[in-house]
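Asks: Pasting the sequence and the predicted model now:
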Amino acid sequence: MNKSLKIVILGGTGFVGRSIVHELQAAGHQIDVLSRNRELQRELGIYPSVRTLSTNVYDQAALTQKFAGADAVINLVGVLQNNGFGGKDFDTAHVKLTDTVIAAMKAAQVPRLLQMSSLRAGEGDSHYLRSRGEAEARVKASGLAWTLFQPSVIFGPGDGLFCRFAPLLKIAPVLPLARASARFQPVYVKDVAAAFATALSRPEAVGKTYPLVGPRTYTLAELVRYTAQVLGLKRLVLPLPNLIGRIQGLLFDVLPAALKPFSSDNYKSLAVDSTSEHDGLGELGIRRTPLELVVPEYIGRSEHQRHLDAYRAER
């Protein structure tokens, strides 16, 4: 049995974070999840070995205090949209926060850092990928015992891929799609969580970067058409010319980040295929889960219905 560790997680209340918390607590670790408002994160309270602590993660002194006595820190914080134009929010969430985490870890004498990044970080001309690459460079130069994870698009219940397109497809007979030929290797959220837990227990994972990709490559158009197929819908996916896609992104740029369905930076990010020939999951001994085994079980159904189905299956 692996030694029980004290782990502090930033970004542990999000889609990926919840799966990682579940995986780590099941392995017997003690976990502190740092959140801006713990009162809104009651679901993690079901785990006796997990605490949710209200913390301003951009405050180095606050982080240093929360990191005291920890064996490892996991940084999952990331943003996909920026308020307004430029890349200020990406720089703040990815680069500046990484600098703050590293400084706080050194002050608290925490040796181990596991950092979420993105496949193809540092490539292309999007602010998102550029800032991810800069954050990776800071981690590699930190002197800490680090491990980086670079996932392609992540799928699972509550994701931003299938769960985003499913409602649109239910009401729209035709779906215009920018960058329809962009390529992905979707990776299952539980496989990502297993990668973090496995790397944490392996000394040889220190100083490694793991691309996390699924077993097959799909275009964005193929993923949207597959979503329609699972929902039993006949829908026309209409690839947009690049010029129209670029204009669409620019029009959405004026919206606040929380309301943007698409942006010019997303358009730039999609110019770089989110694929890799390197199987980081396989290197960690994790068998990659095909999306076809999972997606039909959750899209088009509510979270309540999934819990009800699971309960009935146990009876």
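Replies: Looks like it arrived, so ask away. Source: prediction; values computed, not measured.
Asks: And the strands in the stretch 1-150 of the chain?
Replies: Remark: strands assigned in the stretch 1-150 of the chain by DSSP state E, counting those that start in this stretch are 6-10, 30-35, 50-54, 72-75, 112-116, 145-151.
Asks: neighbouring strands for the last one, and are they parallel or not?
Replies: Partner strands and pairing direction for strand 145-151 (DSSP bridges) are strand 112-116 (parallel), strand 208-212 (parallel).
Asks: Extract the residue ranges of this structure that are flagged as low pLDDT.
Replies: 1-2, 37-42, 301-315 (pLDDT under 70).
Asks: By residue count, which helix of it is the longest?
Replies: Looking across the chain with DSSP state H, the single longest helix is helix 127-140.
Asks: Could I get the buried residue list for it?
Replies: Neighbour counts over helix 127-140 (16 or more other C-beta atoms under 10 Å) mark His127, Tyr128, Leu129, Arg130, Ser131, Arg132, Gly133, Glu134, Ala135, Glu136, Arg138, Val139 as buried. (Glycine included, C-beta is placed from N, CA and C.)
Asks: Same question for stretch 61-69.
Replies: Buried residues in stretch 61-69, counted by 16+ other C-beta under 10 Å: Ala62, Leu63, Thr64, Lys66, Phe67.
Asks: what does stretch 12-27 give?
Replies: Residues of stretch 12-27 classed as buried by neighbour count (16+ other C-beta under 10 Å): 12-13, 15-25, 27.
Asks: which residues does Val272 contact?
Replies: Applying C-beta atoms under 8 Å, 6 or more residues apart in numbering to Val272 gives the contacts Arg120, Glu123, Gly124, Ser126, Leu129.
Asks: Swap in 10 Å and give it another go.
Replies: Ser118, Leu119, Arg120, Ala121, Glu123, Gly124, Asp125, Ser126, Leu129, Ala182, Arg183 (C-beta atoms under 10 Å, 6 or more residues apart in numbering).
Asks: Report the secondary structure element holding it.
Replies: Applying DSSP states H and E as the criterion places Val272 outside every helix and strand.
Asks: Without its sequence neighbours, what residue ends up closest to it?
Replies: Gly124 (4.0 Å; C-beta to C-beta, 6 or more residues apart in numbering).
Asks: Could you single out the nearest of the contacts of Val272 to Val224?
Replies: When these are compared for distance to Val224 (C-beta to C-beta), Ala182 wins out at 11.2 Å.
Asks: How many residues are close by the residue nearest to that closest one when sequence neighbours are not counted?
Replies: Closest residue to Ala182 apart from its sequence neighbours, by C-beta to C-beta, 6+ apart: Leu270 at 4.1 Å. Residues lying near Leu270 (other C-beta atoms under 10 Å) number 22.
Asks: you'd agree Leu270 is up against Asp125?
Replies: No. In this structure Leu270 lies outside contact range of Asp125 using C-beta atoms under 10 Å: 11.9 Å.
Asks: Tell me how many other residues crowd Gly160.
Replies: 12.
Asks: mind listing what it touches?
Replies: Contacts of Gly160 (C-beta under 10 Å, 6+ apart): Phe15, Leu80, Val153, Ile154.
Asks: Equivalent analysis for Ile46, please.
Replies: Contacts of Ile46 (C-beta under 10 Å, 6+ apart): His22, Gln25.
Asks: now swap in Phe262 and tell me
Replies: Here Phe262 is in contact with Gln81, Leu177, Ala178, Arg179, Gly245, Gln248, Gly249, Leu251, Phe252, Asp253, Leu255, Leu270 (criterion: C-beta under 10 Å, 6+ apart).
Asks: what two of the buried residues of stretch 61-69 have the greatest distance between them?
Replies: The farthest-apart pair in the buried residues of stretch 61-69, when distances are taken by C-beta to C-beta, is Ala62 and Phe67, at 9.6 Å.
Asks: overlap in contacts of the two?
Replies: Here Ala62 and Phe67 have Leu34, Ala104 as joint contacts, going by C-beta under 10 Å, 6+ apart.
Asks: can you pull out the helices in the stretch 101-250 of the chain?
Replies: With helices called from DSSP state H, counting those that start in this stretch, the stretch 101-250 of the chain shows them at 127-140, 162-171, 189-200, 220-230, 242-252.
Asks: Settle this for me: Ile7 is touching Ile20, isn't it.
Replies: Yes. The criterion here is C-beta under 10 Å, and Ile7 meets it with Ile20 at 9.4 Å.
Asks: Between the two, which contacts overlap?
Replies: Residues touching both Ile7 and Ile20 (C-beta under 10 Å, 6+ apart): Ile31, Val33, Ile74, Leu114, Phe196, Ala197, Leu200.
Asks: Format the residues you listed as TSV; extra columns: neighbour count.
Replies: Below are the shared contacts of Ile7 and Ile20 laid out as TSV (neighbours: other C-beta atoms under 10 Å):
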residue	neighbour count
Ile31	23
Val33	26
Ile74	26
Leu114	25
Phe196	25
Ala197	22
Leu200	22
